[in-house]
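Got a predicted model here, sequence first, then my questions.
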Amino acid sequence: MAPASSLSAWSDLHSHHESVGKNIVLKDAFKNDPKRFDKFTRKITLPADISSGSNGTDIIFDFSKNLITEETLDKLVKLAEEAGVEKKRDAMFAGEKINFTEGRAVYHAALRNVSNQTMKVDGVDVMNTKGGVNDVLEHMRVFSEQVRSGEWKGYTGKKLTTIINVGIGGSDLGPVMVTEALKHYGAKDMTLHFVSNIDGTHIAEALANSDPETTLFLIASKTFTTAETTTNANTAKSWFLEKTGGKGDIAKHFVALSTNESEVTKFGIDAANMFGFESWVGGRYSVWSAIGLSVALYVGFDNFHKFLAGAHAMDQHFQQAPLRENIPAIGGLLSVWYSNFYGAQTHLVAPFDQYLHRFPAYLQQLSMESNGKTITSDGSPAKYTTGPILFGEPCTNAQHSFFQLVHQGTKLIPSDFILAAKSHNPVSDNLHQKMLASNYLAQAEALMVGKTAEEVRAEGNVPEELVPHKVFMGNRPTTSILVGGAIGPAELGALIVYYEHLTFTEGAVWDINSFDQWGVELGKVLAKKILKEIDEEGAGSGHDSSTGGLLGAFKAYGGF
Ligand SMILES: O=P(O)(O)OC[C@H]1O[C@H](O)[C@H](O)[C@@H](O)[C@@H]1O
C-alpha cells in the first residue's frame with residue numbers, strides 16, 4: 001500500500017481543511033442544521049440474550065460534536081477507500097499475515113467468534129482444530145466452574161479463593177481492566193491480585209495477605225520469557241514452596257496461560273494445567289484468549305462468553321457496515337482528521353464510569369503500542385504524524401484535575417466521553433447517576449459552545465482585566481458514547497472492540513504495521529546488560545557519563 005500522503009484523497013482533505021474544516025464553528029453548525037445530531041449519530045444494538053438488560057442494549061456513538069460536515073465525512077471515507085482500509089480489514093478476517101514484520105496473522109477476532117464461523121490460518125481451522133479456540137474455551141469453562149464451585153481444591157482440600165495473576169503488558173492490562181469493569185458480576189468470595197511490576201513491592205504486597213492453602217496463581221505470559229513475569233512467578237513459586245514446607249502441590253495452585261509449552265513445563269507447570277493460544281494473538285489483543293482466565297474465574301464462564309459475544313457483535317458490524325455507517329471506521333477516520341489535518345497530538349478518553357477506571361490505561365497499550373510507529377509498509381519513514389498520545393481518567397474526577405487544559409489550553413484535544421444510561425449502583429434514588437449524566441452532557445456542551453467575552457461581561461461584576469481569563473474558546477470536539485443500559489460483559493466487549501478497530505483503521509490509513517512492537521526491545525536489552533553490571537565491580541562500561549554516573553551513584557547509595 002502507498003503512504004497516506006501520496007493518496008489523492010489526502011491532498012483533497014488538505015484543501016478541504018483549508019477551505020472548510022478550519023472554519024467550522026460547531027455551535028453554528030448545530031443552529032443551522034436541526035438534524036445534525038441524527039446525521040452524525042450511529043447506533044449498534046447488541047443481541048438481547050447477551051445484553052445486561054432484558055432488551056438488546058443500544059450503544060449510541062454521537063459524532064456530531066466533531067469538526068466535520070457531511071462533505072468531510074465523504075472525503076474521509078474516500079481516504080479510507082484509497083488507503084484500502086476495507087481490503088486490509090478483510091485480509092485480517094481472512095487470516096492473512098498482515099503483521100508483515102513478524103510474518104503473522106492477526107486473528108484475535110477468532111477468539112470471540114461465538115457464531116463459530118470457519119476461520120483459518122494457513123489452511124487450518126483455528127476454531128475446531130485440536131487445542132484450538134473451542135477446545136481452550138471448553139478447558140477454561142470446566143476449570144473456572146471447578147474453581148468457583150470448590151470442586152477444584154488446594155493441597156489441603158480447601159477451596160481456592162485468592163487469584164494472583166502474574167503477567168505484564170497485555171497479559172495484565174486486559175484482565176485488570178475487565179475484572180474491575182465487571183466487578184458488579186464478580187464472585188464475592190474471591191480476592192484478586194494482579195502482579196505486573198518487577199518492583200518487588202508488587203508481588204510482596206500481593207503475597208502478604210495471601211494464604212498458600214487457598215491461593216491460585218495464574219502465570220500469564222504469551223512468550224513465557226518476559227523478565228518481569230518469570231521473575232515474579234519464580235518468587236511466587238518459592239514463597240509457595242517455603243510457606244507449605246515443600247508439601248504444596250504446584251499442580252493444584254499454579255496454571256499457565258501461554259503459547260510456549262516448553263518454557264511452561266520447564267518452569268514446573270504441567271502441560272495439562274496450561275491454557276494455550278497461538279502466535280496470531282497479539283499481547284494487547286489477548287484478553288479474549290486464555291489470558292482472560294482471571295475474568296472467567298471471577299465473573300463466571302457464562303459472563304465471559306457474553307463478553308466474547310459482545311465483542312463479536314462489534315466485529316460483525318466492523319466487517320459488514322459500509323464505511324460511512326461503520327462506527328469504528330468513523331472513529332479511526334476522525335482520529336486521522338484531527339492528527340494529520342489539525343495537528344492534534346492527543347486523544348482523551350474519559351469514561352463517566354467508576355468501574356471503567358482502568359479503561360484508559362488499557363487503551364494506552366492498545367493505541368500507542370499499535371500505532372506508535374514511524375515506518376510505513378515500504379520501509380520508509382512516514383511523512384506525517386501517526387499514533388496520538390492517548391490518555392484519560394474517569395470523570396467526574398478528571399474534571400477536577402486536568403480538564404482546565406482541555407477547556408482553555410492551547411492544544412486541541414479530541415475527546416471521547418462514555419456513559420452508561422443505567423448504573424449498577426443507583427444509590428440515593430439515582431441522584432449520583434443523574435449528577436454523573438449531567439456532567440457527561442455538560443462537559444461536551446461546554447467544550448463545544450465555550451463562552452465569549454461578551455457573555456462573560458453580560459454576567460456582570462467581572463472586572464475588565466479578568467474577562468480574557470474567563471473566556472472559553474469552545475469549538476473543541478468530542479465524541480459521546482452512550483450505552484443504552486448498564487455496562488455488562490457484552491457491552492464492555494463491544495466497547496473494547498470499537499477501540500480495537502478504530503486503532504486498526506488509523507494504522508491502515510497511515511500504512512504502518514499496527515501489530516508489532518519492536519520499540520519495546522532496546523530498553524530490555526540494555527536493562528539486561530546493566531543488571532549484570534550492578535553485580536560487577538565499577539560503574540559499567542560503554543555508557544554515557546549520565547548513565548554511568550547514575551549507575552555508580554545507585555550502587556553507592558543502595559549498597560550494591
Ligand atoms: O505476555 P508476554 O509474552 O509476557 O508479554 C507481555 C508484554 O510484553 C512485551 O514487552 C510487549 O510490549 C507487550 O505487547 C506484551 O503484552
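Received it, and whenever you're ready, just let me know what you need. These numbers were taken from a predicted model, which means no experiment stands behind them.

what's the helix or strand for the residue nearest to the spatial centre of the chain?
Nearest to the mean C-alpha position of the chain, by CA atoms, centre = their mean, lies L363 at 3.0 Å. Here L363 is covered by helix 359-364, with elements defined by DSSP states H and E.

ok, now I163?
strand 162-166.

Heading C-terminal from that strand, find the next helix or strand.
Taking DSSP H and E, what comes next after strand 162-166 is helix 173-181.

Which other helices and strands does that next one contact?
The contact analysis (3 or more CB pairs under 8 Å, 6 or more residues apart in numbering; DSSP states H and E) places helix 173-181 against strand 191-195, helix 293-299, helix 359-364. Just so you know, the C-beta spots here come from the backbone N, C-alpha and C atoms, and that holds for glycine as well.

hmm, try it at 6 Å
On a contact count with 3 or more CB pairs under 6 Å, 6 or more residues apart in numbering; DSSP states H and E, helix 173-181 meets helix 293-299, helix 359-364.

Hey, what's the angle from whichever helix or strand comes after the longest one to helix 173-181? Just curious.
Yep, that's helix 293-299 we're talking about. With elements assigned by DSSP H and E, the helix or strand that comes after helix 293-299 is helix 301-320. In terms of direction (axes from the mean of the first three to the mean of the last three CA atoms, to 10 degrees), helix 301-320 departs from helix 173-181 by 120 degrees.

what's the angle between the helix or strand that comes right after helix 301-320 and helix 301-320?
Downstream of helix 301-320, the first helix or strand assigned by DSSP H and E is helix 327-336. Relative orientation of helix 327-336 with respect to helix 301-320: 70 degrees, computed using the same axes, to 10 degrees.

could you give the mean pLDDT of helix 327-336?
Averaged across helix 327-336, pLDDT comes to 98.

Get me the contact residues on the stretch 51-200 of the chain for the ligand.
Applying CB under 6 Å from any ligand atom, we find that the stretch 51-200 of the chain lies next to the ligand at 168-171.

tell me the contacts of I98?
With contact set as CB atoms under 6 Å, 6 or more residues apart in numbering, I98 has these partners: 91-92, 106.

Could you rerun that using 8 Å?
By CB atoms under 8 Å, 6 or more residues apart in numbering, the contact set of I98 is 88, 91-92, 105-106, 513, 515.

any idea how far M448 is from K31?
12 Å (CB to CB, to the nearest Å).

quick one, which of those two is more surrounded?
Neighbours per residue (other CB atoms under 10 Å) separate K31 from M448, with M448 holding more: 21 against 10.

was I right about that one contacting G474?
Yes - in this structure M448 lies within contact range of G474 using CB atoms under 8 Å: 6.0 Å.

got any residues that touch both of the two?
By CB under 8 Å, 6+ apart, M448 and G474 have these common neighbours: 26-27.

Identify the residue of the stretch 51-200 of the chain closest to the ligand, quick one.
The stretch 51-200 of the chain approaches the ligand most closely through G169 (2.6 Å), counting by CB to the nearest ligand atom.

wait, that residue sits on G283?
Yes - under the criterion of CB under 8 Å, G169 makes contact with G283 at 5.3 Å.

So between the two, which is more surrounded?
A count of neighbours by other CB under 10 Å puts G283 above the other of G169 and G283, at 25 against 21.

and the gap between that one and the ligand?
3 Å (CB to the nearest ligand atom, to the nearest Å).

Could you check the pLDDT of that residue?
Looking at G283, its pLDDT reads 98.

do S514 as well
Looking at S514, its pLDDT reads 98.

The closest residue to it other than its chain neighbours in helix, strand or coil?
Setting aside the residues directly before and after it, S514 is nearest to G507 in space (CB to CB, 6 or more residues apart in numbering), at 3.2 Å. Assigned by DSSP: H, G, I helix; E, B strand; the rest coil, the conformation of G507 is helix.

What about G507, how many residues nearby?
G507, neighbours per other CB under 10 Å, totals 23.

what does I60 give?
Residues near I60, counting by other CB under 10 Å, number 17.

For it, give the beta-bridge partners.
Per DSSP bridges, the residues bridged to I60 are K43, L482.

Wait, it touches T41, no?
Yes - between I60 and T41 there is a contact under CB under 8 Å: 6.0 Å.

Now do the contacts for G246.
Contacts for G246 (CB under 8 Å, 6+ apart) come out as none.

go again using 10 Å as the cut-off
Listed by CB atoms under 10 Å, 6 or more residues apart in numbering, the contact set of G246 reads F240.

Against P212, how distant is it?
12 Å.

And for S546?
For S546, the distance to P212 - CB to CB - is 44 Å.

Just the CA atoms of stretch 59-76, as PDB, please.
What follows is stretch 59-76, C-alpha atoms only, in PDB (Å, rounded to 0.1, in the frame of the first residue of the first chain):
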ATOM      1  CA  ILE A  59     -24.800   1.800  22.100                       C
ATOM      2  CA  ILE A  60     -25.000   5.200  20.600                       C
ATOM      3  CA  PHE A  61     -22.000   6.900  19.100                       C
ATOM      4  CA  ASP A  62     -22.700  10.600  18.700                       C
ATOM      5  CA  PHE A  63     -20.100  12.000  16.300                       C
ATOM      6  CA  SER A  64     -22.000  15.300  15.800                       C
ATOM      7  CA  LYS A  65     -19.800  17.400  18.100                       C
ATOM      8  CA  ASN A  66     -16.800  16.800  15.800                       C
ATOM      9  CA  LEU A  67     -15.400  19.300  13.400                       C
ATOM     10  CA  ILE A  68     -16.900  17.800  10.300                       C
ATOM     11  CA  THR A  69     -19.500  18.400   7.700                       C
ATOM     12  CA  GLU A  70     -21.200  15.800   5.500                       C
ATOM     13  CA  GLU A  71     -18.600  16.600   2.900                       C
ATOM     14  CA  THR A  72     -15.800  16.000   5.400                       C
ATOM     15  CA  LEU A  73     -17.200  12.500   6.200                       C
ATOM     16  CA  ASP A  74     -17.400  11.700   2.400                       C
ATOM     17  CA  LYS A  75     -13.800  12.800   1.900                       C
ATOM     18  CA  LEU A  76     -12.600  10.800   4.900                       C
END
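
Show me which residues of that stretch are buried.
By neighbour count on 16 or more other CB atoms under 10 Å, the buried set for stretch 59-76 is 59-69, 72-73, 75-76.

Tell me which two in these are the farthest apart.
Using CB to CB, the two most remote members of the buried residues of stretch 59-76 are I59 and K75, lying 26.1 Å apart.

Okay, now the unreliable bits of the stretch 351-500 of the chain?
Filtered on pLDDT under 70, the stretch 351-500 of the chain yields no residues whatsoever.

what about the helices in it?
Here the stretch 351-500 of the chain has its helices, by DSSP state H, counting those that start in this stretch, at 359-364, 370-371, 403-408, 427-449, 453-458, 489-510.

any chance you could map the strands in the chain?
Secondary structure of the chain (DSSP state E): strands located at 41-45, 58-62, 120-121, 124-125, 162-166, 191-195, 215-220, 254-258, 274-276, 346-351, 389-391, 415-420, 478-483.

Of all those, which one is nearest H184?
Among the strands of the chain, the nearest to H184 by CB to CB is strand 415-420 (11.1 Å).
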